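J.: Would you be able to build a 3D model of this:
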Amino acid sequence: MDYIYLDYAASAPLRPEARDAWLSYHELPCSVANPNSLHTLGREAARKLDGARATLARCLDCGFRPSEMLLTSGGTESNNLAVLGMTEGARRRDRSRSRVVLSAIEHDSVLDVASLLRGRGFEVELARPGRDGVVSPEEVRRAAGEHCALVSVMAANNETGVVQPTAGIVEAAHAAGALVHVDAVQAFGRIPVDARRADAISVAAHKIGGPLGVGALAMRTRCPFEAQSLGGGQELGRRPGTQDVAGAVAFAAAAELVCSNLGETRARVASLASHVYGRLCAEGTGIVPTTSVVVDEGRLPGMVSVMVPGLDSETLVLQLDARGFEVSAGSACSSGSLDPSHVLSAMGIPRDEALGSLRVSFDERVALSELDAFCDALLAVVGELR
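T.: Predicted coordinates for the structure are as follows:
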């Protein structure tokens, strides 16, 4: 069976430009060398790595120097590293900084760190979103209170696609004396990341058509930080380990491609998403959007988040899979569970509605005809199950 893949928010297909960059690097003599070695091939590998950092810093466009782009294994490691390392660094600088604020709609790679933080003596407060899925700067200001070490918030939600008021949140957190980490894993390469004053930003390659297993944590050199692993002085001593130069080069190639066409691509893909919303959520379909934020500027392009009240998402995903359509039940990282999405629960959506949530995600490589075929299939599935 030919499948139509519509789960780009989980992992986007590898772009030919990224694959070619990866293969081209392996054809170079320096591909055998450790980029931290002093010999000629090691220095050449280091130059390729530095070039990739410079490209990623330019594409992120948030004022980070190339040397501040720390290479990681992906978004999860970047988020873990930022939340744990920055909180410890802030407390080391000021022992009174013992409070951490995470938004209640964060990815599990941020929220699951909360128990570890509490075990280390930090107080963790969750900033709650409104029914529209937006975490306001005022809510962050309330949650931060006094003695806040770190605020961690995502630039755009990985389930609903709702874009967060990142610049305002950064301002509110800094006013409380806290450091700010922004999870831009879903946003980077899809919308401009509005976080020029953030202390650290996480990004990942495979969300934009780069290779799996490659990410970056942009972090200001001045940012207080406690390394979470030991051995070697790579990445300014903040993330030791031999770097994946080929992966970084491929990540940079994907980033350069998507960011150079960001405005045009965003408008085209957002129009496709609006078309899908219009078809699925028309009167009488029994399908509703998860959020009232439907304007293009307020949500990620290419992400459609809907619910089918009374049905469960697992059944819907399997029925669609049998028809050749690959979508996600809310967040792919928590699939397999019949518990409602923590994001939708935090938004105040009733359990029976949240259990029927679906996330459909794509980029400019998906055709309108494929999306229409998916809409036909989902409408037919819902009609049959009811």
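
J.: can you tell me the average pLDDT over stretch 14-21?
T.: Stretch 14-21 comes out with an average pLDDT of 98.

J.: what distance separates it from the centre of its chain?
T.: 21 Å (Cα atoms, centre = their mean, to the nearest Å).

J.: Show me what that stretch is in contact with.
T.: Ala205, Ile208, Gly209, Gly210, Pro211, Val249, Ala250, Phe251, Ala252, Ala253, Ala254, Leu257 (Cβ atoms under 8 Å, 6 or more residues apart in numbering). For the C-beta atoms, the positions are set from N, CA and C on the backbone; glycine is no exception.

J.: could the residues you listed go into a markdown table alongside secondary structure and neighbour count?
T.: Converted to a markdown table, the contacts of stretch 14-21 look like this (DSSP: H, G, I helix; E, B strand; the rest coil; neighbours: other Cβ atoms under 10 Å):
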| residue | secondary structure | neighbour count |
| --- | --- | --- |
| Ala205 | coil | 31 |
| Ile208 | coil | 24 |
| Gly209 | coil | 26 |
| Gly210 | coil | 32 |
| Pro211 | coil | 23 |
| Val249 | helix | 25 |
| Ala250 | helix | 28 |
| Phe251 | helix | 30 |
| Ala252 | helix | 28 |
| Ala253 | helix | 26 |
| Ala254 | helix | 27 |
| Leu257 | helix | 20 |
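
J.: Output the below-cut-off pLDDT ranges for this protein.
T.: For the chain, the stretches flagged by pLDDT under 70 are 294-296, 331-338.

J.: again, only using 80
T.: 1, 293-297, 330-338 (pLDDT under 80).

J.: Look through it and tell me its longest strand.
T.: strand 148-154 (DSSP state E).

J.: That one pairs with which strands, and in what direction?
T.: strand 99-103 (parallel), strand 179-183 (parallel) (DSSP bridges).

J.: can those go into CSV with extra columns for distance to Ala195 and mean neighbour count?
T.: Shown next, in CSV, are those (distance: least, Cβ to Cβ, whole Å; neighbours: other Cβ atoms under 10 Å):
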stretch, distance to Ala195, mean neighbour count
strand 99-103, 14, 26
strand 179-183, 5, 29
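
J.: nearest to Ala12, of the ones you listed?
T.: strand 179-183 (17.1 Å; Cβ to Cβ).

J.: can you give me how far that closest one is from the chain middle?
T.: 13 Å.

J.: do the same with stretch 321-334
T.: 18 Å.

J.: What lies in contact with that stretch?
T.: Residues contacting stretch 321-334 (Cβ under 8 Å, 6+ apart): 1-7, 9-11, 107-109, 158-159, 313-314, 316-317, 320, 335, 341-344, 357-361, 373-374, 377-378, 381.

J.: out of these, which are inside helices?
T.: Cross-referencing those against helices under DSSP state H gives 108-109, 313-314, 316-317, 320, 342-344, 373-374, 377-378, 381.

J.: What about the residues you listed, which one has the most neighbours?
T.: Val343 (28 neighbours; other Cβ atoms under 10 Å).

J.: Enumerate every residue touching it.
T.: With contact set as Cβ under 8 Å, 6+ apart, Val343 has these partners: Ile105, Gly133, Asn157, Glu159, Thr160, Gly330, Ser331.

J.: Likewise for Ser313?
T.: Ala329, Gly330, Leu355, Gly356, Ser357, Leu358.

J.: Identify the residues contacting the fifth one.
T.: With Cβ under 8 Å, 6+ apart as the criterion, the residues that contact Ser357 are Glu159, Thr290, Ser305, Val306, Met307, Ser313, Ala329, Gly330, Pro340, Ser341, Leu344.

J.: Just give me the closest of those residues to Arg58.
T.: Glu159 (29.5 Å).

J.: ok, the closest one touching Leu344?
T.: Yes. Checked against Cβ atoms under 8 Å, the pair Glu159 and Leu344 is within contact range at 7.3 Å.

J.: What's the local residue count around Leu368?
T.: 11.

J.: can you check Leu126 too?
T.: For Leu126, using other Cβ under 10 Å, the count is 18.

J.: and Phe225, what helix or strand is that in?
T.: If you go by DSSP states H and E, Phe225 is not part of any helix or strand.

J.: residues in contact with it?
T.: Counted by Cβ under 8 Å, 6+ apart, Phe225 has contacts Gly85, Met86, Glu88, Gly89, Met219, Arg238.

J.: Which members of the residues you listed are the farthest-apart pair?
T.: Between any two of the contacts of Phe225 (Cβ to Cβ), the greatest distance is 13.5 Å, for Glu88 and Met219.
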